[in-house]
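**Student:** sequence? don't have it. structure:
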Ligand code: SAM
Ligand code: SF4
């Protein structure tokens, strides 16, 4: 597969599994300096099985997460615009052969209605998700662009979606340029599996059956000027240690070619999907403990890259993973087009979810762990993307700016949408966190808070 050297991964793996406890301790001690780990070091950490060393790994990941991102967890929700697809991915309910599903692509107005439902809950960030075929007579990119514009056009009171990211089919450089011009934040595309033979087996037909075209799509997005890209592997298709090392090899390729790695890494695990028999016997299902290890190793290996977790995971595991390095989570998600505004649409979901809590409940839970929920989208709007973002993120400087914006967006959420219980807990957290800011910063924050009390929304630094 393009950019992935399976032979080298095999060698690195063999070496990593020879690592002594002393060597692993050394790597963990060094990780505190927030440097990128080598593939060899990542392989050594992935070889850990002993509970005492796993605990050490988790502590190190939590420390690095705290030093770069602070206690902040950014929230978003997926917004599925279509389930029409010309591919045959064996694990997905949207695969073209699945006759159990009613197919549809939302109109502009329907997309706007979905965005309004998200705004009514308090969401500010949406991830637009699409199957891989456009509605009849339309070019895919035109449909994506009109949908992104519809998301941004929705408003509820003074609230609007502040960042629309997108997870959609690979495009040409020209079409990526058009997508960028629509105002997207991150372009997200998962390679699913980096193992060439496995890739070809699980993607038997359709445009997605070419692994190299998919692999090259992130490069094309960069070449088109989209410098916030998100990559990921669908865990369960192939050995999790191989996938994690290959993901890191993909990061190395992007850093080498573009001087900057991905903005985010996603770690979806295969969930049961109706009409996709494959999902009932996932070949490389990984345990929760192995999954936690993957998140921790990614956090240490690429400290400045956001790690995204979806509602595929249970509330208990999600709560644990907040502390281990996850920096963005979805909440109150639906995976069917129309799923928020049209109750009967939920039968046409892409896969089943394990966290069914409302946004308010997820926020309450984050606050109860001493973490800080954030709806901030300031970096992208201040053009702190790509290399500009990494320059701030690498030395850990982004943390203070983000903490400030997180407090502002949390107050907005508490005032406009929270239940009484969450509002009380949230204000206590704000007071505690504001106490950590120096006097000048506290004064500035006070001015922002006064403005919010006077009806101003969407202020940020
Ligand atoms: N159709 C585009 C594609 O495949 O890249 C974008 C949207 S697709 C709905 C988004 C992601 O959903 C896929 O990249 C895949 O990783 C994930 N997915 C598909 N089936 C899944 C399942 N059964 N469980 C968990 N995630 C799944
Ligand atoms: Fe289509 Fe994407 Fe599902 Fe594959 S994963 S069948 S491309 S929607």
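**Tutor:** Perfect, I can see it now. All values reported here derive from a predicted model rather than from experimental measurement. Ligands and ions are numbered 1, 2, ... in the order given.
**Student:** any idea which residue sits dead centre in this structure?
**Tutor:** Ranked by distance to the mean C-alpha position of the chain (C-alpha atoms, centre = their mean), the top residue is residue 308 at 3.0 Å.
**Student:** what about that residue, which SS state?
**Tutor:** When classified by DSSP: H, G, I helix; E, B strand; the rest coil, residue 308 comes out as strand.
**Student:** any idea how far residue 167 is from it?
**Tutor:** Counting by C-beta to C-beta, to the nearest Å, the gap from residue 308 to residue 167 is 10 Å. No exception for glycine: its C-beta is placed from N, CA and C like everyone else's.
**Student:** what do the two both touch?
**Tutor:** Here residue 308 and residue 167 share the contacting residues residue 230, scored by C-beta atoms under 8 Å, 6 or more residues apart in numbering.
**Student:** how about the residues of the stretch 151-300 of the chain near ligand 1?
**Tutor:** For the stretch 151-300 of the chain, the residues found near ligand 1 under the criterion C-beta under 6 Å from any ligand atom are 167, 168, 169, 189, 190, 192, 234, 268, 270, 271, 273, 279.
**Student:** quick check, residue 317 in a helix?
**Tutor:** Yes - residue state for residue 317 (three-state DSSP) corresponds to a helix.
**Student:** nearest residue to it other than its sequence neighbours?
**Tutor:** Across the structure, with C-beta to C-beta, 6 or more residues apart in numbering as the measure, the residue nearest residue 317 apart from its sequence neighbours is residue 288 (5.7 Å).
**Student:** kindly report the same for residue 334.
**Tutor:** The shortest distance from residue 334 to any residue that is not its chain neighbour, by C-beta to C-beta, 6+ apart, is 5.6 Å, and that residue is residue 340.
**Student:** that neighbour: neighbouring residues, count only.
**Tutor:** Here the count is done by other C-beta atoms under 10 Å, and residue 340 has 25 residues near it.
**Student:** shaky segments in the chain?
**Tutor:** With pLDDT under 70 as the threshold, the chain has low-confidence stretches at 380, 388-389, 391-400.
**Student:** can you list the residues of it near ligand 2?
**Tutor:** So the chain meets ligand 2 at 85, 87, 89, 92, 94, 95, 131, 132, 208 (C-beta under 6 Å from any ligand atom).
**Student:** closest to residue 411 among the residues you listed?
**Tutor:** Distance to residue 411 across the residues of the chain next to ligand 2 (C-beta to C-beta) is lowest for residue 131, with 37.9 Å.
**Student:** now do the contacts for the closest one.
**Tutor:** Counting by C-beta under 8 Å, 6+ apart, residue 131 makes contact with 82, 83, 84, 85, 94.
**Student:** using the three-state scheme, assign it.
**Tutor:** Reduced to three states with three-state DSSP, the structure at residue 131 is coil.
**Student:** how about it, phi and psi?
**Tutor:** Backbone geometry at residue 131, expressed as degrees, to the nearest 10, gives phi -70, psi 170.
**Student:** and the strands in the stretch 151-300 of the chain, which stretches?
**Tutor:** When secondary structure is read from DSSP state E, counting those that start in this stretch, the stretch 151-300 of the chain shows strands at 155-156, 159-160, 163-167, 187-188, 229-232, 264-266.
**Student:** count of neighbours near the nearest residue to residue 144 once chain neighbours are set aside?
**Tutor:** Closest residue to residue 144 apart from its sequence neighbours, by C-beta to C-beta, 6+ apart: residue 168 at 5.4 Å. Counted with other C-beta under 10 Å, the neighbours of residue 168 add up to 24.
**Student:** hmm, residue 134 and residue 168 touching each other?
**Tutor:** No - counting by C-beta atoms under 8 Å, residue 168 does not reach residue 134; the two are 10.0 Å apart.
**Student:** shared neighbours, these two?
**Tutor:** With C-beta under 8 Å, 6+ apart, residue 168 and residue 134 have common neighbours residue 140.
**Student:** how about whichever residue of the stretch 301-450 of the chain sits closest to ligand 1, secondary structure?
**Tutor:** Ranked by C-beta to the nearest ligand atom, the top residue of the stretch 301-450 of the chain for proximity to ligand 1 is residue 351, at 3.7 Å. Assigned by three-state DSSP, the conformation of residue 351 is coil.
**Student:** ditto for the one 3 residues further on
**Tutor:** Reducing the assignment at residue 354 to three states with three-state DSSP gives coil.
**Student:** which residues does whichever residue of the stretch 301-450 of the chain sits closest to ligand 2 contact?
**Tutor:** As assessed by C-beta to the nearest ligand atom, ligand 2 sits closest to residue 350 within the stretch 301-450 of the chain, at 6.6 Å. Applying C-beta under 8 Å, 6+ apart, we find residue 350 in contact with 80, 83, 92, 93, 94, 273, 335, 336.
**Student:** how much space between residue 81 and residue 299?
**Tutor:** 31 Å.
**Student:** go on, residue 377?
**Tutor:** With distances taken as C-beta to C-beta, residue 377 is found 22 Å from residue 299.
**Student:** got it, and residue 441?
**Tutor:** From residue 441 over to residue 299 the distance is 27 Å, taken as C-beta to C-beta.
**Student:** check which residues of the helix or strand containing residue 430 are buried.
**Tutor:** When secondary structure is defined using DSSP states H and E, the element that contains residue 430 is helix 420-434. The neighbour-count check on helix 420-434 (16 or more other C-beta atoms under 10 Å) flags 422, 423, 425, 426, 427, 429, 430, 433, 434 as buried.
**Student:** cool, and stretch 166-186?
**Tutor:** For stretch 166-186, by 16+ other C-beta under 10 Å, it's 166-171, 175-180, 182, 184-186.
**Student:** for the buried residues of helix 420-434, could you give me a markdown table that also reports distance to ligand 1?
**Tutor:** Converted to a markdown table, the buried residues of helix 420-434 look like this (distance: C-beta to the nearest ligand atom, whole Å):
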| residue | distance to ligand 1 |
| --- | --- |
| 422 | 29 |
| 423 | 34 |
| 425 | 32 |
| 426 | 31 |
| 427 | 37 |
| 429 | 32 |
| 430 | 35 |
| 433 | 34 |
| 434 | 38 |
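**Student:** just flag the most distant two among the residues you listed.
**Tutor:** Maximum pairwise distance in those, criterion C-beta to C-beta, is 17.9 Å, between 422 and 434.
**Student:** got the angle for the longest strand that the chain contains vs helix 420-434?
**Tutor:** Taking DSSP state E as the assignment, the strand of the chain that covers the most residues is strand 72-80. Angle of strand 72-80 versus helix 420-434, following axes from the mean of the first three to the mean of the last three C-alpha atoms, to 10 degrees, is 140 degrees.
**Student:** so which bits of the next helix or strand after strand 72-80 are buried?
**Tutor:** Per DSSP H and E, the first helix or strand lying C-terminal to strand 72-80 is helix 108-121. By neighbour count on 16+ other C-beta under 10 Å, the buried set for helix 108-121 is 110, 111, 112, 113, 114, 115, 116, 117, 118, 119, 121.
**Student:** burial count for the residue nearest to the fourth one when sequence neighbours are not counted?
**Tutor:** To tie it back to what came earlier, the one meant is residue 113. Of all residues beyond its chain neighbours, the one nearest residue 113 is residue 341 (4.4 Å), with distances taken as C-beta to C-beta, 6+ apart. Using other C-beta under 10 Å as the criterion, residue 341 is surrounded by 18 other residues.
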